[in-house]
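1. Build me a model from this:
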Amino acid sequence: ERLVESGGGLVQAGGSLRLSCTASGFDLDAWAIGWFRQAPGKGREGVGCISSDSSTYYSDSVKGRFSISKDDFKNAIYLHANSLKPEDTAVYYCAAGNPRYADHAHEYDYWGQGTQVTVSS
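-> Okay, the predicted model is just below:
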């Protein structure tokens, strides 16, 4: 089982990116998929989560700017990051699991390698 993130890059403040999380070896639709980020010198922060029934959760820091969607045909989950700010700069990770709490990283079982998002001011 493997998760792979893609879509990161360098963007100016106010811009947008779509991050992708694809899976091999298992069906993402059967899991909750969380997005996390880690900035240099900081701990891993929960960004949002989409459950197997497609309900979503977002952290206060991204609510109203980020959204999560899924494409069951492509076995992919997307993080739509809009109105990006320099403080959104981080490595973004997707993770699969059945967490009790969406932002509890230790409750996820599978992790991708991360994709870098850099927002310039």
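2. From now on I want contacts and neighbour counts done on CA atoms only, so please keep to that.
-> Will do.
3. residue ranges for the strands of the protein, please.
-> Using DSSP state E, the strands of the chain run over residues 2-6, 9-12, 17-24, 32-38, 44-50, 56-58, 66-71, 76-81, 90-97, 108-111, 115-120.
4. Can you give the strand pairings for the first one, parallel or anti for each?
-> When sheet partners are counted by DSSP bridges, strand 2-6 sits next to strand 17-24 (antiparallel).
5. Now tell me what touches the strand it pairs with from outside.
-> Here strand 17-24 makes contact (Cα atoms under 8 Å, 6 or more residues apart in numbering) with 1-9, 11, 74-82, 94.
6. let's see 6 Å
-> By Cα atoms under 6 Å, 6 or more residues apart in numbering, the residues outside strand 17-24 that reach it are 1-7, 76-81.
7. Look at the residue nearest in space to the middle of the chain and report its pLDDT.
-> When Cα atoms, centre = their mean is applied to the chain, the residue found nearest the centroid is Trp35 (2.6 Å). Note on Trp35: pLDDT of 98.
8. Neighbours of the closest residue to Ala95 other than its chain neighbours, how many?
-> Distance criterion Cα to Cα, 6 or more residues apart in numbering; nearest residue to Ala95, sequence neighbours excluded, is Trp111 at 4.4 Å. Using other Cα atoms under 10 Å, Trp111 has 21 neighbouring residues.
9. Likewise for Glu5?
-> 23.
10. give the contact list for it.
-> Neighbours of Glu5 in contact, by Cα under 6 Å, 6+ apart: 20-21, 114-115.
11. Asp60 too?
-> Contact analysis of Asp60 by Cα under 6 Å, 6+ apart lists nothing.
12. Name the spans of the chain whose pLDDT lies under the cut-off.
-> Filtered on pLDDT under 70, the chain yields no residues whatsoever.
13. go with 90
-> Within the chain, the ranges that satisfy pLDDT under 90 run 1-2, 24-30, 72, 101-103.
14. closest to Pro99 among the contacts of Glu5?
-> Cys21 (17.8 Å; Cα to Cα).
15. Find the nearest non-adjacent residue to the closest one, please.
-> Glu5 (4.5 Å).
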